[in-house]
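K.L.:
Sequence first, predicted coordinates after that:
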Amino acid sequence: MRQVVQNYKTGELRLEEVPVPALKKGGVIVRTEFSLVSSGTESTAVRQAAMSMVGKAKARPEDVKKVLQNIKKQGLVATYKAVMNRLDSLTPLGYSISGTVIEVGENVEEFRRGQRVACGGAGYANHAEYNFVPKNLVVPVPEGVGMDEAACMTVGAVAMQGFRQSKLTLGDTVVVLGLGLVGQLYLQIARAAGCRTVGIDLNEARVKQALGAGADGACGFDDMAAASIVEDLTGGAGADVVALAVGAESNEPFELAVKLVRDRGRLVNIGKTKIDVPYLPFFKKDLELVFSRSYGPGRYDPVYEEKGIDYPIGYVKWTEKRNMAAFLGLVAKKEIDLASIVQNVVPFERAEEAYDALRKGEGGLGTLFKYMVSDVLPEKVLRTVEVKPARECSEIVIGCIGAGNYAKTKLLPFFKDNHAVRLKTVATTSGTTAKNTASRFAFEKATTDCQCILGDPQVNTVIIATPHDSHAELICQALEADKAVFAEKPLAISREQLLRIRDTIDNTGNDRLQIGFNRRFAPLTLRIKEAFENVSEPLNIVIRVSAGRLEPGSWLSDSDQSGGRIVGECCHFVDLASFLVGSEPIEVQAFRMGATSDDVSMMLRYPNGSIATIVYITAGSWSVPKEYIEVHGAGQTGIIYDFKRAVIHGKKNKRFGNGSQDKGQKAEIEAFCNAVLSGGKMPIAIGSLLATTEATFKVLESIANKSAETVGECAGQRN
């Protein structure tokens, strides 16, 4: 299928051939008929992408702050690679479409194949011939509403939510500053609700459009003219509400809003404009300032949007989905006139020309892309595309399932550089991500169907870099298909998954499995390991991890998907401790700081009497290096400072490392590839993988039971 994508690093925008997205639980695949190009939101994105790197930084100061924090934690080189990876990728554009449902996912009862729908959401309702959209971002198109009109639904929902935040009642007066798509629709919604409306914009054509759509008054950005119109309508009292639907770096629109609103009136910010509150007039009028969040309650909440869990109507009446449906209801009743606002309809094949016009300020308020569709729904869609010609068969033929930021910065570059490796197919649920990854790392194919990899007899090695909850199932399928597997941690997120992997290995005889416990392969770890190699007495190991708090909405905070931070990340440090000791833990005891905190202290006991204490901290300072390891025994102490430097204190102190962080990813991939090529033992024994994972489960049991827990049931006698 074709999709509009943009490279945020270069600013290049083009129609790209990508695979149709995967159908996931809780959503539908929609064949697009129309998609809306907003002259405001999308032109901003296009302009920012064309900026220099300095310009991009100035436009997104919040992201710059995050980058500076990551530099402190991960170092300059690692952070630079991560930032460049995000910038130098294909980004989908669009957020409002209409079309027909062609596939329905699990847990979706309200939609059926062949149904007309409208969809919203950046990253979902893209300018693409097919889209996967979660069910809470999809609404049916009522009878009497054209598919071209339905494609405007998302912008209409933004205006609808802005109107609800205004708390206007019959007979109130509202002024709208900014007569773009949102501003024009807000005026029409307010008029349909029986309010008196005034529109203000710098663009004379937009002022005329507002008057033509029934506004009681409209003018250019002129303080005197605007004040005169509002005075005439309100008898000098001032507007009940002023809505700011404008994007401006100047404070002038906000200052005008303060002048036009009445005593104890309300200002509603819908757009993105500078707001520097003038204290004295705000104080004297006792004004209220509120913000309107996009389409309404549910927006930016992954539980609502991605998991499809609705808010009870008794508590939250107007969610984003109900706002979308309400807007289409007004269109069906002819209360909203979209024809006068969106007049530019362009064939999707000419999308690049349309964006060129948008850059020049042409194309009006909004442009609709019209897609060539037949009356017959497709029975099957193309989920695999060829990216480059096939290579001669290598000894290691790889299919990669999943391609997040970690895989693209820490794994795939090292596989690509290995001359024995042939990168054949990459699979992700997003067609854009699959195509972008395939092009960047020279894969031959991009797909959104992982069975294209698992069922390919040429592929003898599978990389699994998907969210944690899918690891176990994919590992089992790959082992059953007689393939070698490199999977990112964790091995599993439940005991049932772990036992299934163990049984699959037993039943198939295929133990060609490595999990990405990379820290045991780090050069500084090997130096410390070597220093204690001949120590016969027990070791005392302390590992302190200052992990920091998760960002709100992070998928890692969803234990159903990630397994939680103990299972999902602390497995790294259990494996590291076991590697340094040279055996697997036999007992775990752990304590949590607070009932729901991720701050945990755990103690691991080993057969030879060694003890490892892992302190996992989320409440500490960002300025503290993330990882600090101490190993004590036989009169010497080894210390690793965040895998940048190491010191061995003993009869003669030794120092290692040059300050550049190396956590062992390159070495672990070399070891894995060598094992696959030679047919020899895998770098980490299966028993160790099982024991490490079981130990993380026992940490949670120890916290819950307030007792020490025995480890070893799942691993048995394996080595």
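P.N.:
Good, I have the coordinates.
K.L.:
So which bits of the longest helix along the chain are buried?
P.N.:
Using DSSP state H to define each element, the chain has its longest helix at helix 686-705. Residues of helix 686-705 classed as buried by neighbour count (16 or more other C-beta atoms under 10 Å): 686-700, 702-703. (Glycine included, C-beta is placed from N, CA and C.)
K.L.:
so what secondary structure elements neighbour that helix?
P.N.:
Applying 3 or more C-beta pairs under 8 Å, 6 or more residues apart in numbering; DSSP states H and E, one finds that helix 686-705 contacts helix 495-508, strand 513-515, helix 564-568, helix 571-581, strand 587-592, strand 600-605, strand 709-710.
K.L.:
For the shortest one, which strands pair with it and how are they oriented?
P.N.:
The reference is to strand 709-710. Within its sheet, strand 709-710 is paired with strand 587-592 (antiparallel), according to DSSP bridges.
K.L.:
nearest to Ala332, of the helices and strands packed on helix 686-705?
P.N.:
Nearest to Ala332, of all the helices and strands packed on helix 686-705, is helix 564-568, at 46.0 Å by C-beta to C-beta.
K.L.:
Averaged pLDDT, that closest one. What do you get?
P.N.:
Averaged over helix 564-568, pLDDT sits at 94.
K.L.:
Equivalent analysis for stretch 124-137, please.
P.N.:
Here the average pLDDT along stretch 124-137 is 98.
K.L.:
Ok, stretch 211-220 next?
P.N.:
pLDDT averaged over stretch 211-220 gives 95.
K.L.:
likewise stretch 358-378?
P.N.:
Across stretch 358-378, pLDDT averages out at 87.
K.L.:
list the buried ones in it?
P.N.:
358, 363-371, 373.
K.L.:
what angle do the longest helix of the chain and strand 587-592 make?
P.N.:
50 degrees (axes from the mean of the first three to the mean of the last three C-alpha atoms, to 10 degrees).
K.L.:
Save the helices and strands packed on helix 686-705 as CSV, and put in mean neighbour count and distance to Lys274 too.
P.N.:
Putting the helices and strands packed on helix 686-705 into CSV (neighbours: other C-beta atoms under 10 Å; distance: least, C-beta to C-beta, whole Å) gives the following:
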stretch, mean neighbour count, distance to Lys274
helix 495-508, 17, 51
strand 513-515, 23, 50
helix 564-568, 21, 39
helix 571-581, 25, 44
strand 587-592, 20, 44
strand 600-605, 22, 44
strand 709-710, 16, 57
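K.L.:
could the ones you listed go into TSV alongside distance to Ala332?
P.N.:
Formatted as TSV, the helices and strands packed on helix 686-705 follow (distance: least, C-beta to C-beta, whole Å):
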stretch	distance to Ala332
helix 495-508	48
strand 513-515	54
helix 564-568	46
helix 571-581	54
strand 587-592	54
strand 600-605	55
strand 709-710	61
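K.L.:
Out of those, flag the one nearest Val241.
P.N.:
When the helices and strands packed on helix 686-705 are compared by C-beta to C-beta, helix 564-568 sits nearest Val241, at 44.8 Å.
K.L.:
Show me the shaky parts of this protein.
P.N.:
39-88, 363, 393, 716-719 (pLDDT under 70).
K.L.:
rerun at 80
P.N.:
8-9, 11, 38-89, 343, 360-364, 390-394, 552-553, 595-596, 715-719 (pLDDT under 80).
K.L.:
Quick one: neighbours of Gln451, just the number.
P.N.:
Residues within reach of Gln451, counting by other C-beta atoms under 10 Å, total 12.
K.L.:
Tell me which of the helices and strands packed on helix 686-705 sits nearest to Thr433.
P.N.:
Of the helices and strands packed on helix 686-705, nearest to Thr433 by C-beta to C-beta is helix 564-568, at 21.2 Å.
K.L.:
any residues touching that closest one, and which ones?
P.N.:
Contact with helix 564-568 is made by 468, 489-490, 493, 547, 550, 556, 562, 598, 600, 616, 618, 693, 696-697, 699-700, as judged by C-beta atoms under 8 Å, 6 or more residues apart in numbering.
K.L.:
Could you rerun that using 10 Å?
P.N.:
467-469, 489-494, 545, 547, 550, 556-559, 561-562, 570, 574, 590, 592, 598-600, 602, 614, 616, 618, 693, 695-697, 699-700, 703 (C-beta atoms under 10 Å, 6 or more residues apart in numbering).
K.L.:
Figure out how far that helix is from the centre of its chain.
P.N.:
19 Å (C-alpha atoms, centre = their mean, to the nearest Å).
K.L.:
Tell me the spacing between the closest residue to Thr461 other than its chain neighbours and Gly679.
P.N.:
Excluding its sequence neighbours, the residue lying closest to Thr461 (C-beta to C-beta, 6 or more residues apart in numbering) is Ala484, at 4.5 Å. According to C-beta to C-beta, to the nearest Å, Ala484 stands 10 Å off from Gly679.
K.L.:
still on that earlier bit, can you check which of the helices and strands packed on helix 686-705 gets nearest to Lys416?
P.N.:
So among the helices and strands packed on helix 686-705, strand 513-515 is nearest, using C-beta to C-beta, at 17.9 Å.
K.L.:
pretty sure Tyr606 is touching Phe579, no?
P.N.:
No: counting by C-beta atoms under 10 Å, Tyr606 stays clear of Phe579, with 11.6 Å between them.
K.L.:
Could I get the full set of helices for the stretch 301-450 of the chain?
P.N.:
Using DSSP state H, counting those that start in this stretch, the helices of the stretch 301-450 of the chain run over residues 302-305, 320-332, 351-359, 405-406, 412-417, 431-441.
K.L.:
right, so of these, which gets closest to Asn510?
P.N.:
helix 412-417 (20.5 Å).
K.L.:
and that closest one, how far from the chain's centre?
P.N.:
24 Å.
K.L.:
again with stretch 307-317
P.N.:
23 Å.
K.L.:
again, but for stretch 540-548
P.N.:
28 Å.
K.L.:
hey, which of the helices of the stretch 301-450 of the chain is tucked in deepest?
P.N.:
The highest mean neighbour count among these, using mean count of other C-beta atoms under 10 Å, belongs to helix 431-441: a mean of 24.
K.L.:
give me the beta-bridge partners of the spatially closest residue to Glu701 that is not a sequence neighbour?
P.N.:
Counting by C-beta to C-beta, 6+ apart, Glu709 is the residue found nearest to Glu701 once chain neighbours are left out, at 5.0 Å. Glu709 has these beta-bridge partners by DSSP bridges: Val588.
K.L.:
List the residues that contact Glu709.
P.N.:
587-590, 694-695, 697-703.
K.L.:
quick revisit: between the helices of the stretch 301-450 of the chain, which one is nearest to Gly212?
P.N.:
Once those are compared by C-beta to C-beta, helix 320-332 is nearest, at 17.6 Å.
K.L.:
So which other helices or strands are in contact with that closest one?
P.N.:
Contact here means 3 or more C-beta pairs under 10 Å, 6 or more residues apart in numbering; DSSP states H and E; on that basis helix 320-332 packs against strand 116-120, strand 138-140, helix 147-150, helix 153-166, helix 181-192, helix 302-305.
K.L.:
Throw the helices of the stretch 301-450 of the chain into TSV and include distance to Ile640, thanks.
P.N.:
Shown next, in TSV, are the helices of the stretch 301-450 of the chain (distance: least, C-beta to C-beta, whole Å):
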stretch	distance to Ile640
helix 302-305	36
helix 320-332	48
helix 351-359	50
helix 405-406	21
helix 412-417	22
helix 431-441	31
